[in-house]
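Asks: test case, fold it:
(2 chains)
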Amino acid sequence: DSGVTQTPKHLITATGQRVTLRCSPRSGDLSVYWYQQSLDQGLQFLIQYYNGEERAKGNILERFSAQQFPDLHSELNLSSLELGDSALYFCASSQGGGPTQYFGPGTRLTVL
Amino acid sequence: EDKVVQSPLSLVVHEGDTVTLNCSYEVTNFRSLLWYKQEKKAPTFLFMLTSSGIEKKSGRLSSILDKKELFSILNITATQTGDSAIYLCAVEGGHTGNQFYFGTGTSLTVIP
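Replies: Next comes the predicted model:
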């Protein structure tokens, strides 16, 4: 157990809908990262927050947005969902923004 | 385009064998290279490498980085069935210096 928690574990929804994924980092970690892992594309870095501020952006679609709250938990919002958004979404955290990241168990999103 | 390529894609060995996994990269503003092990769920951190030629070791696993030739290897000696997993290589860098690029992984299966 890495100490990073993610909810929900599984999410099944329909195309066009909007969902929110939640992540709580390890105690003391200031950075949160979001990743998408699909079968055909591997792990894709989406976005990083550090102490509430956006720090780095990867391949995040405009339909997706994220934020990190004062208590350091983070949410990833996915809207206008498409079938291709079905994937495992991981959150990871690190101390101080360093590259060594600890991954949560992931949220499996299925879009029907 | 920044990219990380791992080889082989898949490997099947017998217990006790030694394996070498490869990771080559072309990433601007390289900062660090990381190895992760992914079993059924979340990736777990193995090593972080920033300097060429310095071997990192943890039990039967070791890794080294060559920044001149832009690659890293992960060695596992005396493999055990518990080593069966997908091994992921990630590079921190990119135009902002703090994006993460993952390879598609090497799937290792260790047969008793």
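Asks: what residues of stretch A:16-27 count as buried?
Replies: Within stretch A:16-27, the residues that count as buried by 16 or more other Cβ atoms under 10 Å in any protein chain shown are A:19, A:21, A:23-26. Backbone N, C-alpha and C define where each C-beta goes, glycine included.
Asks: secondary structure element for the residue most central in space within chain A?
Replies: Against the mean C-alpha coordinate of chain A, by Cα atoms, centre = their mean, the closest residue is residue A:34 at 3.4 Å. Assigning secondary structure by DSSP states H and E places residue A:34 in strand A:31-38.
Asks: how about that strand and chain B, touching?
Replies: Yes: Strand A:31-38 reaches chain B (Cβ under 8 Å from any Cβ of the partner chain) through A:33, A:35.
Asks: next secondary structure element downstream of that strand?
Replies: From strand A:31-38, the next helix or strand downstream (DSSP H and E) is strand A:42-50.
Asks: check which helices and strands that next one sits against.
Replies: Helices and strands touching strand A:42-50, by 3 or more Cβ pairs under 8 Å, 6 or more residues apart in numbering or on different chains; DSSP states H and E, are strand A:31-38, strand A:53-57, strand A:64-68, strand A:74-78, strand B:85-93, strand B:99-102.
Asks: which residues touch that strand?
Replies: Around strand A:42-50, the neighbours that count as contacts under Cβ atoms under 8 Å, 6 or more residues apart in numbering or on different chains are A:30-38, A:54-60, A:64, A:66-68, A:74, A:76, A:90, A:97, B:43, B:88, B:90, B:98-105.
Asks: what does chain A put close to chain B?
Replies: Counting by Cβ under 8 Å from any Cβ, chain A comes close to chain B at A:2, A:4, A:33, A:35, A:42-45, A:48, A:55-58, A:90, A:97, A:99-106.
Asks: distance of the nearest residue in space to residue A:29 that is not next to it in sequence relative to residue A:28?
Replies: Take residue A:29 and drop its neighbours on the chain: the residue closest to it by Cβ to Cβ, 6 or more residues apart in numbering or on different chains is residue A:93, 3.8 Å away. Per Cβ to Cβ, to the nearest Å, residue A:93 is found 9 Å from residue A:28.
Asks: thinking again about what came up before, close enough to count as contact, the residue nearest to the centre of chain A and residue A:75?
Replies: No: at 9.6 Å, residue A:34 does not count as touching residue A:75 under the criterion of Cβ atoms under 8 Å.
Asks: look at residue A:98 and give its secondary structure.
Replies: coil (DSSP: H, G, I helix; E, B strand; the rest coil).
Asks: under the pLDDT cut-off, which ranges of chain A? List them.
Replies: Low-confidence segments of chain A, defined by pLDDT under 70, span residues A:97.
Asks: for residue B:94, what are its contacts?
Replies: Residue B:94 makes contact with A:56, B:2, B:27-29, B:100-101, according to Cβ under 8 Å, 6+ apart.
Asks: neighbours of the nearest residue to residue A:4 once chain neighbours are set aside, just the number please.
Replies: The shortest distance from residue A:4 to any residue that is not its chain neighbour, by Cβ to Cβ, 6+ apart, is 3.7 Å, and that residue is residue A:104. The local packing count at residue A:104 equals 26, with neighbours defined by other Cβ atoms under 10 Å in any protein chain shown.
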